[in-house]
Structures are given as structure tokens and as C-alpha cells.
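# Could you work out the structure for the sequence below:
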Amino acid sequence: MTDIFLEGGRALIGAELVETSLAVAGQDIAAMDASRGRTRLAIDARNLLVLPGIVDLHGDAFERQMMPRAGVDFPIDVALADSDRQAISNGITTVFHATTCSWEPGLRSSDNARGLMEAIERQRPQFAADTRFHLRHETYNLDAEAEISQWLTEGRVDLFAFNDHMDGTVADMAKPRKRNRMVERTGLSSEEFDRLVERVVSRADEVPASVARLAAAARAAEVRMLSHDDATPAMRREFRVLGAEIAEFPVNEETARAAASHGDAIVYGAPNVVRGGSHTGWTKASDMIAKGLCSVLASDYYYPAQLLAAFRLAADGVLPLTEAWNLVSAGPARATGLADRGVLAEGRRADILLVDDSMKLRPRLIAVISGGKLVHLTDATRLLAAASTPREAVVAA
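The predicted structure is shown next:
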């Protein structure tokens, strides 16, 4: 692996931006305030921000590469390779692919989740981003419980979320446009979909016990858990008791405050910040951030959103950039237990972004270093000439 030297730049060190140079050796940051020495690969970071790589604990934009149109499938390996390039080109150096494992057939089926997990395991060495598997279990998918429990025990799941979209599914069946989208996604006929939903709903009384068993399996495997769309403080408390200490998209301020009061990690979507509100009409993320009720911003369904959201928060005066950046780097690293990344410090994993911030709301990514490798560069003029190596003296015979 080639060592890298970053000359100059305003690096986020702790809570401050500091003019300094960094040295990378192997996968780690070797030194701060470093000198170049004989490092052959050097990048001019002057007038650029030097930031820790983005950690995305919930991103499902890869689904768009797998099925760009309803009923149009592309191979998983191709979709994942494209998603990796998209993640890296938006500064995401650690990505958890949030994979729904539902009672639905098709894109969000158990079969598809299994295939995606296996593809990530096969392709992981080829990815530029550190790629992990976030399993989003639809709690009504009772038939998948035994297999999911086995995956947890085998250490194949990196994050485990409890989702319950059944009420929304039933409500959307009365809305023709949403109903048609759900039916198309499954590949079933309208009548088959109706019968499937009826069968799944009829087993509602089995769900709580299944959730408890899977939570126990996750705890035993030391897999961190999330609960999704908590609607009330009571719901948040129930999942916390089960060991799910990450509240993902709490739907109102009351529930977010209940999570914060117990030190739970609180996740909102970065697209919510960039767009100025939720596309569902629920909680406005920037309001929650201003009130100290958000510790993580995730890409959710749009990979560029985390980078843009941090700069939007700074431009809008919600948080200084040094604090906003924690929501996309240090915060998610801490929530997922990745103590080796999320900050710039000696001995930490070398996940580093060089960003041109000359336009406040449109940060331009110049370079990405992931695990000590230069994996993305948009401005080759930033490469510095190779350091000269002294010639060895020639000894006459």
C-alpha cells in the first residue's frame, strides 16, 4: 500500500479546523503536523477542508441500481459495484447497505436479502468503501425468523433494525397510486397481493414474541440494534429494553426527547435537511438538530445528501460546520461501535476527504482516501511531484 502525504489544508481536529499536514501509512493516519519526507504520493490540500470520511449507517439508494424501474432487474454484483462508486464519489467511506427483509416477494424479499448479503460478502474486497450489511427486518416476516437468527449467530449482520410498516401498507391499499407501486414491486397480481396481505396480517399476535427472540439473538451476537419510525415514547422504551439503543427516524419530538433523555443515538435522514423537510410530512430534521435531538444523519435514499446536509446546516446557522460534520462522521461511527474512525487522529483509520468549500451550499469533493488508499480524485493538478530519492553512491571496482 502506498503511503500518502497531504500538504496543508484546514483539517478538522477535535472541534477546530487547524492548518496542518497529515501523513498516511498503511490503513491508518500515521502523523499530524507531519513533514513529507520521502513519501512519493503527495496531494496539495492547501485551501481545502480535510475532513473525516462519512459513515452512512442507513442507505438504501442501492435499490435503485438493482431495480431502476418497476419490474426491471439488474444483477446484484453490477448494482453493488455502481453503488460503491456512487458512495465514494459522495465522500462515504463506510457504508451500511440497509437491506429490507420483508414478507413481500421481489425486491424486498427474504430471498433478495440473502442474495444481497452473500454478494456483499463476495465483493467486499473489491469495494473502495468499507461495505457492511444492515438488515432491516420487517417484523411481520415471521417465516424468516429462524434464518435471520442464524445469520446473527454467524456474524453476518453488522446492524439489525426492527421495521413495522404493516399499518402503512394496509392504509396505502386504499390509495390507487401507492397500491399500484407496491403491487408492481412484488411482481404479484392485484388479487394475489390482497390475499398475501390478509395472510400476513392474520398472524399479528405472533409478532411480539418473534421480535423478542430475535432481539435476544442479536444481543448474544453483540450486533447493534435499531428501531425504525418509533411513534411514541412507550414504543421507544420497549425497544430500548430489548437492547435497541438506536432510534431511527422517530416520528415526533416527544419520542425524540424520550430517546435523548436515555442517551440513545437518534438518526434522521440527511435528505430531510437538504430539502428543508420530510417528504412524508413528518419531523423536520433541522429543527430536531437545533434542539439537540439528533446525533446521526444518514443518506437514507440519496447518497449525496450527507455531504450537502452538513454544509446546509452551517450555511443556515443551525450548527457550525465542525459540529454539523459530527452528524455524518463521528456520530454514526460511535453509534455503530466503530471506534477506529470518524475523527482525524494518529492511529485512526485513514478515511479522509479533501473538500473545496468555496461555494457554501455546493461543496466539491476533490479527493477521497479510504482505508489508506486514494480511491477518488477529481483534480489531478493537486498531485505534487514525486519526492526525489538520493542516488546510491557508485563504488568503483
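# Lys284 contacts Tyr268, correct?
No - judged on Cβ atoms under 8 Å, Lys284 makes no contact with Tyr268 at a distance of 9.1 Å. C-beta here means a position set from N, CA and C on the backbone, and glycine is covered the same way.
# quick one: which of those two has more around it?
Each of Lys284 and Tyr268 has its neighbours counted (other Cβ atoms under 10 Å); Tyr268 has more, 30 against 17.
# The more buried one and Ala335, how far apart?
12 Å (Cβ to Cβ, to the nearest Å).
# Mutual contacts of these two, please.
Val296 (Cβ atoms under 8 Å, 6 or more residues apart in numbering).
# which residues does the residue nearest the centre of the chain form a beta bridge with?
Nearest to the mean C-alpha position of the chain, counting by Cα atoms, centre = their mean, stands Asp56 at 1.7 Å. Under DSSP bridges, the beta-bridge partners of Asp56 are Val95.
# show me the residues around it that make contact.
87, 92, 94-96, 298-299, 303, 306, 328, 332.
# can you do 10 Å?
87, 90-98, 129, 132, 134, 270, 296-300, 303, 305-306, 328, 332 (Cβ atoms under 10 Å, 6 or more residues apart in numbering).
# again, but for Gly342
Per Cβ under 10 Å, 6+ apart, neighbours of Gly342: 52-55, 94, 325-326, 328-336, 348-349, 351.
# Spatially, which residue comes closest to it, not counting chain neighbours?
Distances taken as Cβ to Cβ, 6 or more residues apart in numbering put Ala333 closest to Gly342, at 3.0 Å, once the chain neighbours are dropped.
# That neighbour touches Trp325, doesn't it?
No - if you go by Cβ atoms under 10 Å, Ala333 and Trp325 don't touch, sitting 11.7 Å apart.
# Give the residues shared as contacts by those two.
Shared contacts of Ala333 and Trp325, counting by Cβ under 10 Å, 6+ apart, come down to 52, 54, 342-343.
# Show me the two of those residues that sit farthest apart.
Maximum pairwise distance among those (Cβ to Cβ): 12.6 Å, between Ile54 and Val343.
# Now do the helices in the stretch 251-397 of the chain.
For the stretch 251-397 of the chain, the helices defined by DSSP state H, counting those that start in this stretch cover 253-261, 270-275, 285-290, 305-315, 321-324, 330-335.
# Please identify the deepest-packed of those.
Of all the helices of the stretch 251-397 of the chain, helix 270-275 carries the top mean neighbour count, a mean of 25, counting by mean count of other Cβ atoms under 10 Å.
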